[in-house]
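Novice: Fold the following for me, if possible:
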Amino acid sequence: MPLLSYTRAYLNGELPYWYPEKPFTPGANGIGVIKEVGEDLYHLKAGQRVVVTPHLIANDPVADPAQILMGLSGISPDSGQLLADWSDGTLREIALFPASAVSVIDGLDEVSSSKLAASAKFVVPLGGLLRGRFRVGETLIVHGATGYFGSGAVMAGVAMGAERVVAAGRNQTVLSALTDQLGPQVVPVVLSGNVEDDTVMLKEAAEGPIQLGLDMVGLADSPNGTLAVLNSLSRGGRLVLDGSMSVPLPVPYGDLLRNNWEIIGNFMYRPEAFRTLMGLIRAGKIDLEKLHTTRFELVELERAIDAASAMRGLDCVVVTMN
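Specialist: Just a heads-up that it's a prediction; the model follows:
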């Protein structure tokens, strides 16, 4: 199972999450083997290797079904019963999951489960790219490119055929490392925090129209970087909000109107994102060897959590059961 960089803060109750109201096992994505299946399942079989997601949407045929992140959080005030029924996550030897949270892994028998677990780094930004209707040959800006999911977004953008990926962030060392590892399609931009100056730098780095911006910044206390990305888009460009921000985003109404810009909120990903991800790995478009994966046994969980809090760029920390 991959660990999130904020696992320690989560376990300490320091995040604004809806926690289950009973004792539970935390944990997000994971790779496992089906031990047994319940009734009314016709394609999932014991012995299959699968990837599981914490993102669960209620099956009720209503306009706005409740959703949760199993082992992590409720999403809205109506999530309580769903979270009570499906509280537990992946950090246990045997885990119970609904079938809708399981995707079969085909054709990757030679790839270890610990390496595949690290691929969870890509599925959240991949969900944003698919939601933003990313197309081959477009230029993409990733804001927050030095973070856990942001660096995954840069790598996913290259894999999906971007003409250029502008990697925007604050850490020059990590941005330079991304360029070194992912090639000349990736152009780093160190943001200053000044909207006007950063807009100019992003446009210059793109050397042409910018069709899509993917905002992956975590817990931002300023909207300026996001606004710079928005202002750098070409006419008809799309901005996908896929990160987190602790302050309001002051949208320039007139600029939005005149430029036909779209701002798209995106939470997590649709289930088919895993099938797309596994296809990219099978095709060799995403090379898991480029990730810096550190593996810990479950008995070393405390050490793993500390290592996860120090992750930068293409670092990944996974916990295994054997």
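Novice: Could you tell me whether residue 117 really is in a helix?
Specialist: Yes. Residue 117: assigned to a helix according to DSSP: H, G, I helix; E, B strand; the rest coil.
Novice: neighbours around it, how many?
Specialist: Using other C-beta atoms under 10 Å, residue 117 is surrounded by 26 other residues. C-betas here are computed from N, CA, C, even on glycine.
Novice: just residue 27 next, same as before
Specialist: Residues within reach of residue 27, counting by other C-beta under 10 Å, total 23.
Novice: So the residue of the chain most remote from its centre versus residue 99, what's the distance?
Specialist: Ranked by distance from the centre of the chain (C-alpha atoms, centre = their mean), the top residue is residue 39, with 31.7 Å. For residue 39, the distance to residue 99 equals 10 Å [C-beta to C-beta, to the nearest Å].
Novice: Need the overlap of contacts for these two.
Specialist: Listed as contacting both residue 39 and residue 99 by C-beta atoms under 8 Å, 6 or more residues apart in numbering is no residue at all.
Novice: The residue farthest from the centre of the chain and residue 50, how far apart?
Specialist: Relative to residue 50, and taking C-beta to C-beta, residue 39 is found at 18 Å.
Novice: State the phi and psi torsions of the residue farthest from the centre of the chain.
Specialist: Phi and psi for residue 39, reported as degrees, to the nearest 10, are phi -80, psi 160.
Novice: repeat for residue 212
Specialist: Dihedral angles for residue 212 - degrees, to the nearest 10 - are phi -140, psi 130.
Novice: got the contact list for it?
Specialist: Contacts of residue 212 by C-beta under 8 Å, 6+ apart are 129, 132-134, 138-141, 233, 237-240.
Novice: same check, this time on residue 277
Specialist: Neighbouring residues of residue 277 by C-beta under 8 Å, 6+ apart: 119, 122-123, 126, 286.
Novice: any idea which element it lies in?
Specialist: helix 272-282 (DSSP states H and E).
Novice: swap in residue 130?
Specialist: Using DSSP H and E, residue 130 sits within helix 120-131.
Novice: Dump the C-alpha coordinates for that helix into CSV.
Specialist: Only the C-alpha atoms of helix 120-131 are listed here, as CSV (Å, rounded to 0.1, in the frame of the first residue of the first chain):
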residue,chain,number,x,y,z
ALA,A,120,-1.3,5.2,-7.1
LYS,A,121,0.7,8.3,-7.4
PHE,A,122,-0.7,8.7,-11.0
VAL,A,123,-4.3,7.9,-10.6
VAL,A,124,-5.4,11.1,-8.9
PRO,A,125,-3.8,13.4,-11.5
LEU,A,126,-4.9,11.1,-14.3
GLY,A,127,-8.4,11.6,-13.1
GLY,A,128,-7.9,15.4,-13.5
LEU,A,129,-6.4,15.0,-16.9
LEU,A,130,-9.3,12.9,-18.1
ARG,A,131,-11.9,15.3,-16.5
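Novice: continuing past it, what's the next helix or strand?
Specialist: Following helix 120-131 in sequence order, the next helix or strand is strand 139-143 (DSSP H and E).
Novice: Output that next one as PDB - backbone C-alpha positions only.
Specialist: Once non-C-alpha atoms are left out, strand 139-143 reads as follows in PDB (Å, rounded to 0.1, in the frame of the first residue of the first chain):
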ATOM      1  CA  THR A 139       0.600  21.900 -23.700                       C
ATOM      2  CA  LEU A 140      -0.100  21.300 -20.100                       C
ATOM      3  CA  ILE A 141       0.800  23.300 -17.000                       C
ATOM      4  CA  VAL A 142       1.100  21.400 -13.700                       C
ATOM      5  CA  HIS A 143       0.900  23.700 -10.700                       C
END
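Novice: how far out from the middle of the chain is the following helix or strand past that strand?
Specialist: Moving toward the C-terminus from strand 139-143, the next helix or strand (DSSP H and E) is helix 148-159. When distances are taken as C-alpha atoms, centre = their mean, to the nearest Å, helix 148-159 is centred 9 Å away from the chain's centroid.
Novice: what comes up buried for stretch 291-302?
Specialist: Within stretch 291-302, the residues that count as buried by 16 or more other C-beta atoms under 10 Å are 291, 293-296.
Novice: mean confidence score for that stretch?
Specialist: Taken as a whole, stretch 291-302 has a mean pLDDT of 96.
Novice: just stretch 191-211 next, same as before
Specialist: Over the span of stretch 191-211, the pLDDT mean works out to 98.
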